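Engineer: Can you look at this prediction? I've put the sequence above it.
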Amino acid sequence: MRRLGATLAVAALLFAAYLAWLGWLAARDALPTPVLALWGEAIALAEGQIGLGHAATTYPPLPLLLAGAWQRVIGAPGLPSPALTAAALAAGLGAAWWRGFQRAGLGAAAALIATLLVALHPFMLFLVAEGPGTA
C-alpha cells in the first residue's frame, strides 16, 4: 500500500507540473492548433452533436474519446480537455517510469530524479503540449 501511495504521489506531482506548463502556454495563447481542433470535436462529442460512431471511426479514436469524456465530466473553461488528457496520460507514464527505475535497483530519491529528468525533458513537454493525438 505504501508503494501505491508513493506512485500516486509521483503521478500527482507530474500532473501538477504538466498542468503548470500547459497553463503557462494557455496564458500566452500558445496552445497548438491540433489541441484546439481536438477540443472542438471533444465539445461536440460531449454535447451530443456528433455521435459515438463518428468518434470511434476517427484516427486516432482514443484521444477523441478520452477528451470527450474529460469534457463531459469536467466541462469547465480554461485548459482544453485534450491538454488535460495528455497531462494525465503523461503523468501515468511518468509514474510507470518511476516504478521501473525502482525495480531496476534505484532508491526512491534516485528514481525520482531520473523520472523527473525523463518526464520533464523538452521533447516530453512538447508531446504534452501537442495533445494526446500526437504521441
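Structural biologist: Ah, there it is.
Engineer: buried stuff in the helix or strand hosting G100?
Structural biologist: Applying DSSP states H and E as the criterion places G100 in helix 81-103. Buried residues in helix 81-103, counted by 16 or more other CB atoms under 10 Å: 81-91, 93-95, 97-99, 101-102. Heads up, the C-betas are built off the backbone N, CA and C, glycines and all.
Engineer: now swap in stretch 117-129 and tell me
Structural biologist: A119, M124, L125, L127, V128, A129.
Engineer: how distant is the helix holding G100 from the center of its chain?
Structural biologist: 8 Å (CA atoms, centre = their mean, to the nearest Å).
Engineer: Name the next helix or strand downstream of it, please.
Structural biologist: helix 108-119.
Engineer: Which is the succeeding secondary structure element to that following helix?
Structural biologist: Helix 108-119 is succeeded, C-terminally, by helix 122-130 (DSSP H and E).
Engineer: I'd like to know which elements that next one is packed against.
Structural biologist: helix 2-27, helix 33-46, helix 81-103 (3 or more CB pairs under 8 Å, 6 or more residues apart in numbering; DSSP states H and E).
Engineer: Compute the inter-axis angle for the last one and helix 122-130.
Structural biologist: Read it as helix 81-103. 150 degrees (axes from the mean of the first three to the mean of the last three CA atoms, to 10 degrees).
Engineer: Against which helices or strands is helix 81-103 packed?
Structural biologist: helix 2-27, helix 33-46, helix 61-73, helix 108-119, helix 122-130.
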